[in-house]
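Novice: below: sequence and its predicted model.
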Amino acid sequence: MSGSSTDRRVVIVGAGHAGGAVAAQLRQFGFAGPITLVGEEAYPPYQRPPLSKAWLKGEAGSETLLLRPADYYAGAGIELRLGATATALDREGRAVQLSDGSVYPYDSLILACGARPRTLPVPGAGLDGVLALRSIADADRLKAVLRPGLRLAIIGGGYIGLEVAASARHLGAEATVIERESRLLARVACPELSAFYADTHTARGVRFVLGAGVEALTGTAGQVCGVALSDGNVIACDAVLVGVGAQPNDELAQAAGLACDSGVVVDLEARTSDPAIFAIGDMTRRPLPLYGCTWRLESVPNALEQGKQAAAAITGRPAPAPEVPWFWSDQYEFKLQIAGLPIAADQVLIRGNAGSGRFAAFHLRSGAVVAVEAVNAPQEFMAGKLLIASQKPVDVAQLVDTGVPMKEVVASSAAVCA
Amino acid sequence: MTRIVFATADGGRHEVEADAGASVMEAAVGAGVPGITADCGGACSCATCHVHVDAQWLERVGAPEEHEAALLEFADNVGPFSRLSCQIQVSDELDGLALSVP
């Protein structure tokens, strides 16, 4: 396929970060055919990360959320179909049917349907005041209730829950985080990082209830007023934020018979089991060559990377080199940057001192760095990315010695194994 | 409106009108300047909005803060005039600012 063809049509289903980015990436790669971007929400593609941070705290206005100015799409010849959902795929006829009955033929289809917050399978989950956080509409509802003195119960001690706890404290609300596991961020972070955040939030007035199962949400007159725990205790509250993970919106793909495995299965070109259909972003299960596994990465950098993969494949460019996944989280004055997947390490080494508010946890496997969690430690993050990509053993004595600059650690890792 | 001129790695020249108070990165992304991807959306976390400031503008643009400088230390094609454009605030006195995208 050539990139200059003007009669090939691309339809993108989902106008989140992934969908918006791939549309623009196609144009940057010289794709000249018609592009239609179908989005369920009323807004052009926007950034979700600030919804739990700067935007929620009122430090960033709504206009700063948009990925690109609203008039960008018309100018770039990208048709925006907002407030519409795709209801069916006709793979044989290569067409998508939308909720308003219209049918869009495609040569390449890109699914960018995202994920949705998991709901709590307990009585009372549908009460007023039980909130989730994914979209602008969700964030509007949360922002509307957050006020000084409000008692917010946050179910789930993951990144969303902790970021909202930080923003809630900033706005003067009380925050209690209820977590099923015995530590925060249990599935995604090392124990040292969990402990750092527990201390940091506790010092700022956040309360934690760990190892606690939720039996029910209780209410009066339809409004939530408590979280009933399995040990019999009830946490009184005025509102509940549920942050217990997300599930992929892969129903459309499943109904069309595309290979799915808790997410649409794609290759390194972001191609699904149908060569004319690509899938990108939170909804996909993708290969991670550096880790020799497949994974569902819910992150902006992954959405952008897979957008690049799909746009490259559609325009006949070589696939981008395998990337090091990365993530970030801002809480209070602490900027956390994570590179790689903090999984399957056989050793975790701490560089710096958590008490100083500036440290990094390096995850090693067979002597090579596979992930780094860096708190207010940008050198460690950037160097960590390089070390992960190189897959070479690192001098652990140097790595934990803050007297040795990270540049030197990277250089000697490269030299030893050159 | 403030005029900002980007010279891109492919030899292109992009003149962008920016609102005071926005970041230079936002202006670049809005105009689709190639090479400024701004993966983190301005959280000063990724170094994908790296620019070189033309020497004559250096003083008015100013030097990077510590966190930004640390990210830049490991960015590709870094030079003495490197900045992350998400950390440069557009203001009237930057009208005509000339930047190149490495």
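Specialist: Cool, got the structure. Numbers count the residues shown, from 1 in each chain, chains lettered A, B, ... in the order given.
Novice: give me the distance between A:Asp7 and chain B.
Specialist: 23 Å (CB to the nearest CB, to the nearest Å). From N, CA and C alone the C-beta is placed, and that goes for glycine too.
Novice: over to A:Gln223?
Specialist: For A:Gln223, the distance to chain B - CB to the nearest CB - is 35 Å.
Novice: who's in contact with that residue?
Specialist: Listed by CB atoms under 8 Å, 6 or more residues apart in numbering or on different chains, the contact set of A:Gln223 reads A:127-129.
Novice: of those, closest to chain B?
Specialist: A:Gly129 (29.7 Å; CB to the nearest CB).
Novice: how many neighbouring residues does the residue of chain B found nearest chain A have?
Specialist: Relative to chain A, the nearest point of chain B is B:Phe74 (3.3 Å; CB to the nearest CB). B:Phe74: 20 surrounding residues under other CB atoms under 10 Å in any protein chain shown.
Novice: can you map out the strands along the stretch 301-418 of chain A?
Specialist: A:326-331, A:334-340, A:347-353, A:358-365, A:368-375 (DSSP state E, counting those that start in this stretch).
Novice: quick revisit: can you list the contacts of A:Gln223 in a markdown table and add neighbour count and secondary structure?
Specialist: Shown next, in a markdown table, are the contacts of A:Gln223 (neighbours: other CB atoms under 10 Å in any protein chain shown; DSSP: H, G, I helix; E, B strand; the rest coil):
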| residue | neighbour count | secondary structure |
| --- | --- | --- |
| A:Leu127 | 19 | coil |
| A:Asp128 | 11 | strand |
| A:Gly129 | 19 | coil |
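Novice: ok, which residues in chain B are in contact with chain A?
Specialist: Near chain A, the residues belonging to chain B are B:22, B:26, B:29-30, B:32, B:34, B:37, B:39-47, B:67, B:70-71, B:73-75 when assessed by CB under 8 Å from any CB of the partner chain.
Novice: buried among the residues you listed? Make that a PyMOL selection.
Specialist: Restricted to buried positions by 16 or more other CB atoms under 10 Å in any protein chain shown, the PyMOL selection for these reads:
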select buried, chain B and resi 22+26+29+30+32+37+39+40+41+42+43+44+45+46+47+67+70+71+73+74+75
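Novice: nearest residue to the closest residue to chain B within the stretch 51-200 of chain A in space, please, no chain neighbours.
Specialist: Using CB to the nearest CB, A:Pro69 is the residue of the stretch 51-200 of chain A that sits closest to chain B, at 4.7 Å. Distance criterion CB to CB, 6 or more residues apart in numbering or on different chains; nearest residue to A:Pro69, sequence neighbours excluded, is B:Gly30 at 4.7 Å.
Novice: hmm, back to that, need the nearest residue in space to the residue of chain B closest to chain A, chain neighbours excluded.
Specialist: Spatially, and ignoring its direct neighbours in sequence, B:Phe74 is nearest to A:Met382 (3.3 Å; CB to CB, 6+ apart).
Novice: what count of nearby residues applies to that neighbour?
Specialist: For A:Met382, the count of nearby residues is 25 (other CB under 10 Å).
Novice: just want the residue of the stretch 251-400 of chain A that's nearest chain B.
Specialist: As assessed by CB to the nearest CB, chain B sits closest to A:Met382 within the stretch 251-400 of chain A, at 3.3 Å.
Novice: got the contact list for that residue?
Specialist: Contacts here follow CB under 8 Å, 6+ apart; on that basis A:Met382 touches A:406, B:47, B:70-71, B:73-75.
Novice: go with 10 Å
Specialist: A:337, A:339, A:372, A:374, A:406-407, A:410, B:46-47, B:70-75 (CB atoms under 10 Å, 6 or more residues apart in numbering or on different chains).
Novice: nearest the geometric middle of the chain, what residue?
Specialist: If you meant another chain, say so; for now it's chain A. A:Ser299 (2.9 Å; CA atoms, centre = their mean).
Novice: meant chain B, my bad for not saying
Specialist: By CA atoms, centre = their mean, the most central residue of chain B is B:Ser85, 2.8 Å off.
Novice: still on that earlier bit, how close does the residue nearest to B:Phe74 get to A:Gly352?
Specialist: According to CB to CB, to the nearest Å, A:Met382 stands 15 Å off from A:Gly352.
Novice: now swap in B:Thr2 and tell me
Specialist: Relative to A:Gly352, and taking CB to CB, B:Thr2 is found at 40 Å.
Novice: now render the strands of the stretch 301-418 of chain A as JSON lines, adding mean neighbour count and mean pLDDT.
Specialist: Below are those laid out as JSON lines (neighbours: other CB atoms under 10 Å in any protein chain shown; pLDDT from 0 to 100):
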{"stretch": "strand A:326-331", "mean neighbour count": "24", "mean pLDDT": "95"}
{"stretch": "strand A:334-340", "mean neighbour count": "24", "mean pLDDT": "96"}
{"stretch": "strand A:347-353", "mean neighbour count": "16", "mean pLDDT": "97"}
{"stretch": "strand A:358-365", "mean neighbour count": "23", "mean pLDDT": "97"}
{"stretch": "strand A:368-375", "mean neighbour count": "26", "mean pLDDT": "97"}
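Novice: residues near the nearest residue to A:Met406 once chain neighbours are set aside, how many?
Specialist: Among residues not flanking A:Met406 along the chain, A:Ala383 sits closest, at 3.6 Å (CB to CB, 6+ apart). By the measure other CB under 10 Å, the count of residues near A:Ala383 is 30.
Novice: quick one, what contacts A:Ala383?
Specialist: Going by CB under 10 Å, 6+ apart, A:Ala383 touches A:339, A:360, A:362, A:369, A:372, A:374, A:377, A:394, A:399, A:405-411, A:413, B:70, B:73-74.
Novice: tell me the contacts of the closest residue to A:Asp231 other than its chain neighbours?
Specialist: Of all residues not flanking A:Asp231 in the chain, A:Ala212 sits nearest, at 6.9 Å (CB to CB, 6+ apart). Applying CB under 10 Å, 6+ apart, we find A:Ala212 in contact with A:155, A:157, A:177-182, A:227, A:229-231, A:233, A:235.
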